[in-house]
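Asks: just coords:
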């Protein structure tokens with residue numbers, strides 16, 4: 001339902017200006033939604049936005065650890081993360097996906113065709129529980145030859161860019177420079 005509403009809004013925006021004058025972005029679940037919107041725009045052959053700016057995006061839903069070492073690392077990140085809850089995540093994911101399968105790109109953008117997405121600027125905190133999944137999304141985007149810049153700030157948590165104010169000045173400059 002959220003994807004349909006966003007697509008309706010995007011189509012309305014295209015009536016006012018071309019896609020290259022539009023940037024998409026979001027943080028956390030909104031970042032995952034922005035990525036899904038960009039994938040849907042491609043699927044429908046609509047004019048693409050100029051950028052996709054994702055802050056701690058939920059772009060890789062489902063078991064991200066590929067081995068015991070990664071599982072231990074993810075557990076450590078989740079211990080440190082004061083925002084992302086492993087207890088609530090399965091319920092949130094179930095509500096978010098509705099009748100769609102977890103591997104559907106509309107729910108899990110990692111499963112989509114990332115090659116033709118607009119240029120992406122992706123931020124994550126080095127201590128956030130979703131960092132491994134975000135990094136895997138970035139690796140997949142690079143594997144598919146997508147235009148992506150990934151910026152991780154060590155010691156920071158989930159969506160830190162959204163609440164750090166002056167401490168996130170470097171990230172804000174990166175976003176502004178990307179949009180200008």
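Replies: That came in fine, so what should we check first? Since the model is a prediction, treat every value here as computed from it, not as a measurement.

Asks: Break down the chain into its strands, ranges please.
Replies: For the chain, strands defined by DSSP state E occupy the ranges 23-27, 51-55, 120-125, 148-153.

Asks: mind putting these in JSON lines, mean pLDDT included?
Replies: Shown next, in JSON lines, are these (pLDDT from 0 to 100):
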{"stretch": "strand 23-27", "mean pLDDT": "97"}
{"stretch": "strand 51-55", "mean pLDDT": "98"}
{"stretch": "strand 120-125", "mean pLDDT": "96"}
{"stretch": "strand 148-153", "mean pLDDT": "97"}
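
Asks: quick one: the residue nearest the centre of the chain from residue 32, how far?
Replies: Note on the chain: the residue nearest the mean C-alpha position is residue 57, at 2.9 Å, using C-alpha atoms, centre = their mean. With distances taken as C-beta to C-beta, to the nearest Å, residue 57 is found 5 Å from residue 32. C-beta: built from backbone N, CA, C; applies to glycine.

Asks: can you check residue 99 too?
Replies: Taking C-beta to C-beta, one finds residue 99 at 18 Å from residue 32.

Asks: again, but for residue 127
Replies: Distance from residue 127 to residue 32, by C-beta to C-beta: 20 Å.

Asks: out of those two, which sits in the busier spot?
Replies: Counted by other C-beta atoms under 10 Å, residue 127 and residue 32 do not tie: residue 32 has more neighbours, with 28 against 21.

Asks: Nearest residue to the more buried one in space, ignoring adjacent ones along the chain?
Replies: Nearest residue to residue 32, sequence neighbours excluded (C-beta to C-beta, 6 or more residues apart in numbering): residue 58, at 3.5 Å.

Asks: And for residue 133?
Replies: Here the residue nearest residue 133, using C-beta to C-beta, 6+ apart, is residue 60, at 3.5 Å.

Asks: Check residue 125 too.
Replies: residue 156 (3.5 Å).

Asks: what ranges do the helices span in this structure?
Replies: Taking DSSP state H as the test, the helices found in the chain are 2-16, 29-44, 68-80, 89-97, 131-143, 160-163, 169-179.

Asks: Please give me every residue in contact with the residue nearest to residue 125.
Replies: The neighbourhood of residue 156, defined by C-beta atoms under 8 Å, 6 or more residues apart in numbering, consists of 125-128, 164.

Asks: Alright, calling it a day.
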